[in-house]
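Engineer: Return atomic coordinates for the entry below.
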Amino acid sequence: MDQNINHNIIENSYYMINLFSNDKNKEKNISITNLKLQKLMYFVEAYYMVKNPNEEFFFDTSWSAWDYGPVNRDLYNHYKKFGSMEILLTEEEIDIGNNLSKNNKKYIDEIYSLFGGFSAFELVTLTHLENSPWSIIKESKNYDFESLNNSIISKEETMKWFKKRFDFLFTENQKED
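Structural biologist: Numbering: from 1, shown residues only. So this is what the prediction gives:
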């Protein structure tokens with residue numbers, strides 16, 4: 001595994017959540033819920049995989065195709081106590097997030113800047129686009145809740161889809177890492 005990447009999704013989520021705690025977002029009433037966090041972290045991993053196709057995956061856990069798009073069970077279980085409300089961090093969690101490597105922060109910052117202003121349901125819509133890894137699993141499981149809940153979205157298919165669907169993020173004019 002890449003020694004410069006912390007692959008723990010919970011620790012990475014602390015940094016993403018903390019990005020939403022600034023005054024500008026509070027003034028605009030922009031916050032982060034479990035649903036929104038799921039989609040943003042899914043995009044972080046997809047973005048990382050496209051930028052680093054020969055490296056290990058960004059996160060050490062998998063994604064399932066739930067009703068509202070890709071869900072990481074570890075994230076879901078960690079934040080389910082917030083329901084559909086804004087996620088709030090403890091001081092310790094904020095410190096853990098702030099102490100992530102610059103490499104981790106770089107990918108999270110990029111997705112935050114591109115998609116952080118989207119609502120949770122706008123992000124759900126993006127993950128539900130035709131031929132997305134989520135939609136392919138959803139169709140193949142005939143909307144059976146239990147099999148969807150236990151499904152695994154292919155990280156390789158996620159990478160291919162994200163690269164194709166969001167190709168504008170990977171143009172030659174984009175600053176190299």
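
Engineer: What helix or strand is residue 13 located in?
Structural biologist: helix 9-19 (DSSP states H and E).

Engineer: where are the low-confidence patches of the protein?
Structural biologist: Scanning the chain for pLDDT under 70 picks out 1-3, 141-145, 172-177.

Engineer: which residues in it form strands?
Structural biologist: 64-66, 69-71 (DSSP state E).

Engineer: these two touch, right, residue 33 and residue 87?
Structural biologist: Yes: shown here, residue 33 and residue 87 form a contact pair, counting by CB atoms under 8 Å, at 6.4 Å. Where C-beta positions appear, they are placed from N, C-alpha and C, glycine not excepted.

Engineer: before we move on, the earlier item: pull out the buried residues from the helix holding residue 13.
Structural biologist: 9-10, 12-19 (16 or more other CB atoms under 10 Å).

Engineer: Run the chain-centre distance for that helix.
Structural biologist: Mean-position distance between helix 9-19 and its chain equals 10 Å (CA atoms, centre = their mean, to the nearest Å).

Engineer: now for it, which elements pack on it?
Structural biologist: On a contact count with 3 or more CB pairs under 8 Å, 6 or more residues apart in numbering; DSSP states H and E, helix 9-19 meets helix 34-51, helix 73-79, helix 91-98, helix 102-115.

Engineer: Just want the angle from that helix to helix 34-51.
Structural biologist: 110 degrees (axes from the mean of the first three to the mean of the last three CA atoms, to 10 degrees).

Engineer: hang on, the earlier thing: for residue 55, state which of the buried residues of helix 9-19 is nearest.
Structural biologist: For these, the closest approach to residue 55 (CB to CB) belongs to residue 12, at 15.2 Å.

Engineer: Might you report the residue contacts of the closest residue to the closest one other than its chain neighbours?
Structural biologist: Residue nearest to residue 12 in three dimensions, not counting chain neighbours: residue 104, with 5.9 Å by CB to CB, 6 or more residues apart in numbering. Residue 104 is in contact with 5-6, 12, 15, counting by CB atoms under 8 Å, 6 or more residues apart in numbering.

Engineer: So residue 104 versus residue 4, what's the distance?
Structural biologist: Distance, residue 104 to residue 4, by CB to CB, to the nearest Å: 8 Å.

Engineer: before we move on, the earlier item: let's have the buried residues of helix 9-19 in TSV, adding distance to residue 91.
Structural biologist: Listed next are the buried residues of helix 9-19 as TSV, based on distance: CB to CB, whole Å:
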residue	distance to residue 91
9	21
10	16
12	18
13	16
14	11
15	14
16	17
17	13
18	11
19	16
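
Engineer: any idea which of these is the one closest to residue 43?
Structural biologist: Proximity of these to residue 43 (CB to CB) peaks at residue 16, which lies at 10.3 Å.
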